[in-house]
Each structure stands twice: as structure tokens, then as C-alpha cells.
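>>> Sequence first, then the predicted structure:
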Amino acid sequence: MRILVINGPNLNLLGRREPDIYGREDYASLCEHIRAHARRCGAEAECFQSNHEGAIIDAIQAADGVFDGIVINPAAYTHYSYAIRDALAAIRTPAVEVHLSDLQKREAFRRLSVTAPACIAQICGHGFASYTMAIDLLTGKNE
Ligand code: DQA
């Protein structure tokens, strides 16, 4: 099983960016953590990060028929990108939305996800474990 992990804007700054909210480990460690977990689940994960909405949409479109599942943290696009939501809805590959922080416990504007309705699930508030839980879900590890 092949899984594409997409991270949106500012997640390349992990470790330096608001560490009290997003943790002290960097983006490279997140990717290592994800790839190692996927291997344990018998899957292969590829990580992609972009600060650009169009590049994220291109990656979602290109994943159709190539990857078996998507894990996506659209970052701030979560709250207003109908274009990313439409791209996720347009493809057959199932996607799980993840967030490091608990969106319900933060500012009001973060409580709404416009992208989650195009995903099979949303997992948030578990730091790096949000991603590994999404991989478990896609690989059926806990079934
Ligand atoms: C985030 C939450 C978003 O509201 C924020 O804009 C991010 C990161 C998270 O992983 O907790 O960039 O998606």
C-alpha cells in the first residue's frame, strides 16, 4: 500500500514555529516518524510539503490512481480552501485529514474545517501521533 502524506503551509517550520503548540521536533523528524510507522504497517509513505495551494492541488490530483491513501494536514488552508476540498472530493483515493493541535481548543476560526467533509476522517490534537493514527486507519491496522 502506498500512502502520500501532504503537509501544507508553514509545516516546514516545525520545531521552530510556535513550539508550545506544534512541538520541538522538526519537519524532517516528522517525515522519518511517518515513514517508519508506515513500514511497520506494511505500507510505504511518501512525504510532500508545500506552502502553495495550487501545488497541493496538483499533488492531490496526481495521487489519484497512484497512491492508495492520502494523509493531509492542509494547515491554515483547512479553514478556507474550497479548492483543496474540491480536489479531495474529485479523486477516488481516500484521504484522512490530520492536525497536530486540537482545533476545537484554539481560536474560533480554527474550529471549522472546510476540507474535512471530503475526507473519510479527521484526527487532531495528538501531535505526530495524529499522522500515525491516520496511517493505522488507512492500512486497517486496528481492524
Ligand atoms: C494545524 C492547525 C491549523 O489551524 C494551522 O493553521 C496550522 C497547523 C495543525 O496541525 O494543528 O498550520 O493544521
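Arrived safely.
>>> Next, the spatially most central residue of the chain: secondary structure please.
Note on the chain: the residue nearest the mean C-alpha position is Ile72, at 2.2 Å, using CA atoms, centre = their mean. Look at Ile72: counting by DSSP: H, G, I helix; E, B strand; the rest coil, its state is strand.
>>> For the nearest residue to it once chain neighbours are set aside, list each beta-bridge partner.
Distance criterion CB to CB, 6 or more residues apart in numbering; nearest residue to Ile72, sequence neighbours excluded, is Ile6 at 4.4 Å. In short, each C-beta sits where N, CA and C put it, glycine included. Using DSSP bridges, the bridge partners assigned to Ile6 are Phe48, Ile72.
>>> Show me what stretch 21-37 is in contact with.
5, 7, 11-16, 45, 47, 49, 71, 100-101, 127-128, 131-132, 135 (CB atoms under 8 Å, 6 or more residues apart in numbering).
>>> mind checking how far that stretch is from the chain centre?
Computed by CA atoms, centre = their mean, to the nearest Å, the chain-centroid distance of stretch 21-37 equals 12 Å.
>>> Restrict that stretch to CA atoms and write it as CSV.
Written as CSV, here are the backbone C-alpha positions of stretch 21-37 (Å, rounded to 0.1, in the frame of the first residue of the first chain):
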residue,chain,number,x,y,z
ILE,A,21,1.7,24.4,20.2
TYR,A,22,3.4,22.3,17.5
GLY,A,23,6.2,20.7,19.4
ARG,A,24,10.0,20.9,19.2
GLU,A,25,10.7,18.3,16.6
ASP,A,26,11.3,19.4,13.0
TYR,A,27,9.7,18.5,9.7
ALA,A,28,12.4,16.0,8.8
SER,A,29,11.7,14.1,12.1
LEU,A,30,8.0,14.1,11.3
CYS,A,31,8.7,12.5,7.9
GLU,A,32,11.1,9.9,9.4
HIS,A,33,8.5,9.1,12.0
ILE,A,34,5.8,8.7,9.4
ARG,A,35,7.9,6.6,7.0
ALA,A,36,9.0,4.3,9.9
HIS,A,37,5.4,3.8,11.1
